[in-house]
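1. after the sequence you'll find the predicted model.
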Amino acid sequence: MAKDRVNVAVVGLGMGRHHLKDYHANPRACAVAICDVDATRLAQFAAECRIPEEKCFTDYRKLMAAAKRLELDAASVALPNVLHAPVTIAALNAGLHVLCEKPMAMNVRQGRAMLDAARKNRRRLMINFSYRFMPQTQSLKSFVASGAIGDIYYGRTAWYRRRGLPGFGGWFGQKKLSGGGPIIDLGVHRIDMAMWLMGSPKPVSVTASTYNVIGARTAKELGKAFDVEDIGGAFIRFDNGATLIAEASWAGFTQKREEMLTQLLGTKGGILHSNVNETYEFEARIFTEHDGALWETKLQQGLAPCPTAYQEFIAAILEGRDTIAPGEHGLAVQQILDAIYKSAATGKEVRIRAN
């Protein structure tokens with residue numbers, strides 16, 4: 001595009017506050033408009049980012065109708081999962097590029113409709129797989145791409161919380177609004193990271209189990225709605241013969257309060273991405289063999305610039321290129337999520353058809 005800045009709107013100011021603040025600080029972006037059903041929250045962020053009242057909306061449909069008048073180029077969709085597809089499709093049909101929060105949608109059918117709208121309107125659809133945008137992850141991606149660990153054939157990826165149940169009565173714990181529990185909330189990040197590092201192989205089958213033990217008990221005691229899993233795990237097969245174990249929990253009697261890891265084994269080496277001391281600090285390690293000795297290397301510092309997901313979204317629009325987290329990748333992850341829940345419900349392996 002011939003412009004040097006992207007005019008962007010942010011829809012949803014809960015998680016979307018992070019989108020808004022990043023755009024507001026980015027000289028290549030201009031946060032033109034915001035939308036949230038909470039008028040108080042809307043006014044707060046309007047004041048912080050100096051967005052005039054006439055560019056603040058409580059109804060996303062009114063925002064999309066005003067897209068041309070506001071000279072918008074793009075939108076960030078940061079809403080409850082049930083709204084990802086309808087709001088994203090509305091924005092794409094309004095001629096806007098879209099960055100949508102994870103998970104892509106509630107199900108594969110919605111995800112395909114989002115991709116169809118992006119292609120029809122010739123606009124970019126990016127999914128906010130934020131764990132791709134870390135110095136450790138980016139460095140591991142480059143190392144794997146160099147061929148240093150060979151062909152990846154096996155992996156394990158997980159995000160465990162010993163006690164991290166969301167507020168009861170909210171949308172996170174209601175399947176009709178969220179699509180699921182920690183698998184679709186936390187597991188989505190680790191599954192995506194693993195698949196990206198593996199070179200984005202195509203999933204072909206899933207066998208899974210989910211459980212709702214502690215969550216159901218706690219919800220009953222509080223008299224609140226909670227009909228999603230509190231823990232789950234899956235065995236995923238890919239078209240290249242590789243396999244991946246994926247696990248996620250909001251509650252379970254695990255050793256650590258918070259544990260995240262992605263470990264991948266290749267024919268010439270292995271890699272590990274994990275959090276440090278139960279925090280949101282991360283480290284990357286590489287395991288190789290040289291001259292009859294087994295070596296372990298720890299990444300000390302990533303030297304290449306590491307953009308945020310929001311910066312990548314803006315740059316891709318201005319540079320006329322695909323993003324590194326396109327909607328097609330979101331759909332592949334969504335296929336796995338759908339298959340996990342179907343397998344858990346039926347007790348059977350679920351085959352995944354090619355897109």
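-> Happy to help now that I have it.

2. may I have the secondary structure class of G270?
-> Judged by DSSP: H, G, I helix; E, B strand; the rest coil, the three-state class of G270 is strand.

3. measure the nearest residue to it once chain neighbours are set aside to K141 for me?
-> Counting by CB to CB, 6 or more residues apart in numbering, G270 lies nearest to F287, which is 4.3 Å off, once chain neighbours are set aside. For every residue, glycine as well, the C-beta is placed using N, CA and C. For F287, the distance to K141 equals 17 Å [CB to CB, to the nearest Å].

4. related to what we said a few turns ago, can you pull the phi/psi pair for the residue nearest to G270?
-> phi -120, psi 120 (degrees, to the nearest 10).

5. host element of V37?
-> Applying DSSP states H and E as the criterion places V37 outside every helix and strand.

6. where does the residue lying closest to it once chain neighbours are set aside land on pLDDT?
-> Of all residues not flanking V37 in the chain, T58 sits nearest, at 5.5 Å (CB to CB, 6+ apart). Per-residue pLDDT puts T58 at 97.

7. make sure T58 is actually in contact with R41.
-> No: assessed by CB atoms under 8 Å, T58 is found out of contact with R41, at 10.2 Å.

8. need the residues touching each of these two.
-> Common neighbours of T58 and R41 (criterion: CB atoms under 8 Å, 6 or more residues apart in numbering): none identified.

9. who has more neighbours, those two?
-> R41 (16 against 12; other CB atoms under 10 Å).

10. report the contact partners of the more buried one.
-> Contact partners of R41, counting by CB under 8 Å, 6+ apart, are 13-14.

11. that one: what secondary structure?
-> Relying on three-state DSSP, one would call R41 helix.

12. can you list contacts of stretch 133-141?
-> By CB under 8 Å, 6+ apart, the list of residues contacting stretch 133-141 reads 131-132, 193, 196-197, 271, 273, 282-284, 286, 299, 301-302, 304, 306-309, 312.

13. now do 7 Å
-> Here stretch 133-141 makes contact (CB atoms under 7 Å, 6 or more residues apart in numbering) with 131, 193, 196-197, 271, 273, 282-284, 299, 302, 304, 306-309, 312.

14. which ones among the residues you listed map onto strands?
-> Under the assignment DSSP state E, the contacts of stretch 133-141 contribute 271, 273, 282-284 to strands.

15. these: which two are farthest apart?
-> Longest distance between any two of the ones in strands among the contacts of stretch 133-141 is 12.6 Å, between I271 and F282; criterion CB to CB.

16. who has more neighbours out of the two?
-> I271 (27 against 17).

17. just checking, the more buried one touches L264?
-> Yes: at 5.3 Å, I271 counts as touching L264 under the criterion of CB atoms under 7 Å.

18. low-confidence ranges, the chain, go.
-> Scanning the chain for pLDDT under 70 picks out 1-2, 355.

19. please enumerate the helices of the stretch 251-355 of the chain.
-> Using DSSP state H, counting those that start in this stretch, the helices of the stretch 251-355 of the chain run over residues 309-319, 327-346.

20. now these in CSV, with mean neighbour count and distance to C30?
-> Rendered in CSV, the data for those read as follows (neighbours: other CB atoms under 10 Å; distance: least, CB to CB, whole Å):
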stretch, mean neighbour count, distance to C30
helix 309-319, 21, 10
helix 327-346, 22, 24
